[in-house]
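Colleague: Need a 3D model of the following:
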Amino acid sequence: MSRKTALAAGWQAYKPDAKWPVKVTHDLPDKDGWSQRRVYEYRTSPNEKRGVAALVSYSASNWTVVIENLADAVARKRGAQVALILGRLLPKGYSRESFAGKKANALDQARIAELVRFIESGQKVLGVPGVAFGLIQDGKVVFADGFGTKELGRSDKPDADTLLMVTSNTKAMTTLLIAKLVDEHRMGHTYISKEPLLERRAPQVYIGKDVSYGMGLMVDTTYGVPVVHHGGDLVGYHSDMMWLPLQGVGAVILTNGDPGWLLRDQIRRKLLEVLFDGRHAADAQVNAGAKSFYSSLAADRKLLTIPADGNESAKLAKCYANSSLGEITVSTSGASTTFDFGEWKSEVASRKNPDGTMSFITIAPGAKGFELTMGSRSKRTLTMRDAQHEYVFEKR
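Modeller: This next block holds a predicted model:
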């Protein structure tokens, strides 16, 4: 049986009358005993308020097909439960690689060089302008440097002193700074001590089979040793701070490009590979992630009309309002259509959806991807949604 036949059999068993067209496919590297893995993303219409995808994997002599057909509201609420299911989905008899009980290697010159190679390779394949990276082992800084450039169009590279946005990582940084003040006897233990610091790791919410979230810290035991970490994300910036408490190792990575989250996520796996001589998996994950990232961008771009279709733009009212989000003023300049939200504005693209409806999508850098779907001409509305809410803007 081929992958294509397996996918067709999966749909026949689950929903034989499904008509969603494939938007894009992604080939994934071997992982957890599975090979020949491919993800299929399907096109849905915004008014369906759902996402549809399929994962086809091979092991031994069998194909396994996982079909995800979830309402947006459910998917965002139940992501942890979905991750728990998929985290337990392993081939019969397979045991995931574990480093439990193993002694960590010293981060010597050769092992640091391997981490540097991984970062430089990942930075290039992902198209991230710059990366800063630091390593600590046994209380000593063993590496701190940068790669690439501070920003596009410049030649100076980031270093250990380059300022980059860390966003949510301010939680851990603030705690660290307070703890240092306590160590210096400039602040009493009333404010912070060892016990509440460690309590931050205690599981409050499980977000997968081996991953939990405490008070601003995640603990990942996927490979048998606890990795404590927390990331930070903002448009164009992705970072992570991570610790292996049992091994006395810590690291921080800062990136200044949108695909940087892929490198940020996989550096944790790569660090484990270097420390414990683990199987090489992180490089393949980054390379596949880069292909998926850019193929998704290309698939989305192919569906957009830029500038927005003039005939569709002509159907728009000049102003719309929503009681919660305020007003949208619509204007045109030449062939371009712009939505002004008051605090910010963006040129919009247009896209015809599978159900025949028309959407306008913001395309301004840093504010791209906000979708507003037109109502019927008699209603003259624009509808914006997130997973849990729907905002209808009416003609004013």
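Colleague: hey, let's count contacts and neighbours off CA atoms from now on
Modeller: Will do.
Colleague: Distance from stretch 57-72 to the middle of the chain?
Modeller: 21 Å (C-alpha atoms, centre = their mean, to the nearest Å).
Colleague: Please save the CA atoms from it in CSV.
Modeller: Presented in CSV, the C-alpha positions along stretch 57-72 are these (Å, rounded to 0.1, in the frame of the first residue of the first chain):
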residue,chain,number,x,y,z
SER,A,57,3.3,7.8,8.9
TYR,A,58,4.8,4.4,8.3
SER,A,59,6.3,1.8,10.7
ALA,A,60,7.2,-1.8,10.0
SER,A,61,4.7,-2.9,7.4
ASN,A,62,1.8,-0.6,8.5
TRP,A,63,0.6,2.9,7.6
THR,A,64,-1.0,5.0,10.3
VAL,A,65,-3.3,7.9,9.4
VAL,A,66,-4.3,10.6,11.9
ILE,A,67,-7.0,13.0,10.7
GLU,A,68,-7.6,16.2,12.7
ASN,A,69,-10.9,17.9,12.0
LEU,A,70,-11.4,20.4,14.9
ALA,A,71,-13.5,23.5,15.4
ASP,A,72,-11.1,26.4,16.0
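Colleague: Show residues contacting it.
Modeller: Outside stretch 57-72, the residues that touch it by C-alpha atoms under 8 Å, 6 or more residues apart in numbering are 3, 6-7, 10-11, 33-38, 49-56, 91, 387-388.
Colleague: Any of these buried? List them.
Modeller: 3, 6-7, 10-11, 33-35, 37-38, 49-56, 91 (16 or more other C-alpha atoms under 10 Å).
Colleague: Would you confirm that D355 contacts S45?
Modeller: Yes - using C-alpha atoms under 8 Å, D355 makes contact with S45 at a distance of 6.2 Å.
Colleague: quick one: what helix or strand has L135 in it?
Modeller: In this structure, L135 sits in strand 130-137 according to DSSP states H and E.
Colleague: by contact count, what packs against that strand?
Modeller: Other helices and strands packing on strand 130-137, by 3 or more C-alpha pairs under 8 Å, 6 or more residues apart in numbering; DSSP states H and E, are helix 109-126, strand 140-148, strand 249-255.
Colleague: could I get those as TSV with mean pLDDT and mean neighbour count?
Modeller: As requested, the helices and strands packed on strand 130-137 are exported to TSV (pLDDT from 0 to 100; neighbours: other C-alpha atoms under 10 Å):
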stretch	mean pLDDT	mean neighbour count
helix 109-126	98	17
strand 140-148	96	17
strand 249-255	96	24
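Colleague: Any idea which of the ones you listed gets closest to A80?
Modeller: In terms of C-alpha to C-alpha, the element of the helices and strands packed on strand 130-137 nearest to A80 is strand 249-255, at 25.1 Å.
Colleague: Other residues contacting the next helix or strand after that closest one?
Modeller: Later in the chain than strand 249-255, the nearest helix or strand by DSSP H and E is helix 260-276. By C-alpha under 8 Å, 6+ apart, the residues outside helix 260-276 that reach it are 99, 102-107, 111, 114-115, 118-119, 122-123, 126, 128, 237-240, 242, 253-255, 278-283, 285-286, 289-290.
Colleague: Local confidence estimate at the residue nearest the centre of the chain?
Modeller: Taking C-alpha atoms, centre = their mean, the centroid of the chain lies closest to W261, which sits 6.0 Å from it. pLDDT, W261: 96.
Colleague: Next: the one 3 residues further on.
Modeller: Predicted confidence (pLDDT) at R264: the value is 95.
Colleague: What of the one 4 residues further on?
Modeller: If you check R268, the pLDDT there is 97.
Colleague: hang on, the earlier thing: give me the subset of the buried ones among the contacts of stretch 57-72 that lies in helices.
Modeller: Cross-referencing the buried ones among the contacts of stretch 57-72 against helices under DSSP state H gives R3, A6, L7, G10, W11.
Colleague: Indicate which one of the helices and strands packed on strand 130-137 is closest to K77.
Modeller: Using C-alpha to C-alpha, the nearest of the helices and strands packed on strand 130-137 to K77 is strand 249-255, at 28.5 Å.
Colleague: ok, and what's touching the closest one?
Modeller: 128-138, 164, 166, 237-244, 261, 264.
Colleague: Can you go through the residues you listed and name the buried ones?
Modeller: Counted by 16+ other C-alpha under 10 Å, these give 128-137, 164, 166, 237-244, 261, 264 as buried.
Colleague: State the distance from the residue of the chain positioned farthest from its centre to A113.
Modeller: Taking C-alpha atoms, centre = their mean, the residue of the chain most remote from its mean C-alpha position is H185, at 40.1 Å. According to C-alpha to C-alpha, to the nearest Å, H185 and A113 sit 38 Å apart.
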